[in-house]
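> coords below, sequence missing:
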């Protein structure tokens, strides 16, 4: 079971989601999208919350409003973190999450700790949490199938881009050859290098002169 929420509408069409439990979190870790940003209360147990950005966006594109929605949802879904003030929430791109066989279910590390950001959440803001909960939808998605569909679409896009690149390169090659042929033709037609029929005639010996030379 995955729970889906809608961030504040004025910030854009952004979906926030989280798993039902640590076992569901394992699936989310495994089949995340490149545009997903992972959130968790630092040094405390909490839900794994994800923000799905638009394609091409990065963590730097998260607005303050959407960030506040995400960290409030994380805090509200932490048994310990929801009871205290001034908790830290860490977040990082999904592809920075590191999972090794020795880790417990739901536990993650990071490939690059420098890519992990921290934000201090002073207190729970019920207005934000209540608004998010009103948008809550429960679904049982086939995460593997969704991920495979994305992979297939990405492969198709890369192939199309490669075909377009090869076509542009071929057009550029043909244009260069055409320009080279034009320059070569113009070189042959330079007046200083050309000999007129009159010049040829004046520079040639007559038949009588040739006979005289032969004799």
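In hand now; what should we look at? Note that the structure is predicted; figures quoted are calculated from it, not measured.

> to which secondary structure element is residue 5 assigned?
strand 2-6 (DSSP states H and E).

> just give me how far that strand sits from the chain centre.
Offset of strand 2-6 from its chain centre (CA atoms, centre = their mean, to the nearest Å): 23 Å.

> for that strand, name the packing helices and strands.
Counting by 3 or more CB pairs under 8 Å, 6 or more residues apart in numbering; DSSP states H and E, the packing neighbours recorded for strand 2-6 are strand 15-19, helix 126-134, strand 137-139. To be clear about C-beta, it is placed using only N, CA and C from the backbone, and glycine gets the same treatment.

> ok, it: who's next to it in the sheet?
If you go by DSSP bridges, strand 2-6 pairs up with strand 15-19 (antiparallel), strand 137-139 (antiparallel).

> so which residues make contact with the shortest one?
This points to strand 137-139. When contacts are defined by CB atoms under 8 Å, 6 or more residues apart in numbering, strand 137-139 is touched by residues 1, 2, 3, 4, 5.

> between all of these, which two are separated the most?
1 and 5 (13.8 Å; CB to CB).

> for the spatially closest residue to residue 117 that is not a sequence neighbour, give me its contacts.
Leaving out its chain neighbours, the residue that sits closest to residue 117 by CB to CB, 6 or more residues apart in numbering is residue 91, at 5.5 Å. For residue 91, the contact set (CB under 8 Å, 6+ apart) comprises 37, 38, 39, 40, 59, 70, 71, 116, 117, 119.

> repeat that with 7 Å
37, 38, 39, 117 (CB atoms under 7 Å, 6 or more residues apart in numbering).

> now do the contacts for the first one.
In other words, residue 37. By CB under 7 Å, 6+ apart, residue 37 lies in contact with 50, 51, 53, 59, 62, 91, 93, 94.

> so where's this structure uncertain?
Along the chain, the parts satisfying pLDDT under 70 run over 187-215.

> centroid residue for it?
Nearest to the geometric centre of the chain sits residue 56, at 4.5 Å (CA atoms, centre = their mean).

> list phi and psi for that one.
phi 90, psi -10 (degrees, to the nearest 10).

> contacting residues for it?
So residue 56 contacts nothing (CB under 7 Å, 6+ apart).

> residue 82 - how many residues pack around it?
Using other CB atoms under 10 Å, residue 82 has 16 neighbouring residues.

> repeat for residue 102
For residue 102, the count of nearby residues is 6 (other CB under 10 Å).

> quick one: end-to-end distance for stretch 58-66.
Distance across stretch 58-66, first residue to last, is 13 Å (CA to CA, to the nearest Å).

> can you check stretch 82-90 too?
Using CA to CA, the end-to-end distance of stretch 82-90 comes out at 15 Å.

> what comes into contact with that stretch?
With contact meaning CB under 7 Å, 6+ apart, stretch 82-90 is reached by 39-42, 44, 71, 74-76, 81, 116-124.

> which among those count as buried?
By neighbour count, with 16 or more other CB atoms under 10 Å, the contacts of stretch 82-90 hold 39-42, 44, 71, 74-76, 81, 119, 121, 124 as buried.

> tell me which of the residues you listed fall in helices.
71, 74, 75, 76 (DSSP state H).

> make TSV from the residues you listed and add distance to residue 130 to it.
As requested, those are arranged in TSV below (distance: CB to CB, whole Å):
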residue	distance to residue 130
71	16
74	16
75	14
76	10
